[in-house]
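Asks: this one's sequence-less:
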């Protein structure tokens, strides 16, 4: 991930954590990073997306004090989700 994109995403995750109500949860959804094997005509049009992995999202949310409680595919091609809640010690 490019440096300015990472900083922007971390800022967004920190803001989500800051405004989250007690007992609230965060749902992040993004296109999965394409492997060479998964390149299709459709992936060509999703070029701005698909530059993160699910583990990238989990790490980003963890850096903002959020713990992933569930993650996986959304059911639509290449979409993935991470559901997170605040850590116990924050």
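Replies: Done, it's in. Note that the coordinates shown come from a computational prediction; the quantities given were computed from them, not determined experimentally.
Asks: Tell me which helix or strand in the protein has the weakest average pLDDT.
Replies: For the chain, the helix or strand with the lowest mean confidence is helix 41-45, at a mean of 60 (criterion: mean pLDDT, DSSP states H and E).
Asks: just checking, what packs against the longest helix belonging to the chain?
Replies: Ranked by residue count and defined by DSSP state H, the top helix of the chain is helix 3-19. Contact partners of helix 3-19 among helices and strands, from 3 or more C-beta pairs under 8 Å, 6 or more residues apart in numbering; DSSP states H and E: strand 26-31, helix 54-63, strand 66-73. Every C-beta, even on glycine, is put in place using the N, C-alpha and C of the backbone.
Asks: Name the surrounding residues that touch the longest one.
Replies: Applying C-beta atoms under 8 Å, 6 or more residues apart in numbering, the contact partners of helix 54-63 are 1, 6, 9-10, 13, 26, 28, 30, 32, 67-68, 71-72, 80, 82, 84, 87.
Asks: cool, stretch 80-90 as well?
Replies: Contacts for stretch 80-90 (C-beta under 8 Å, 6+ apart): 17, 20, 24-32, 54, 57-58, 61-62, 65-74.
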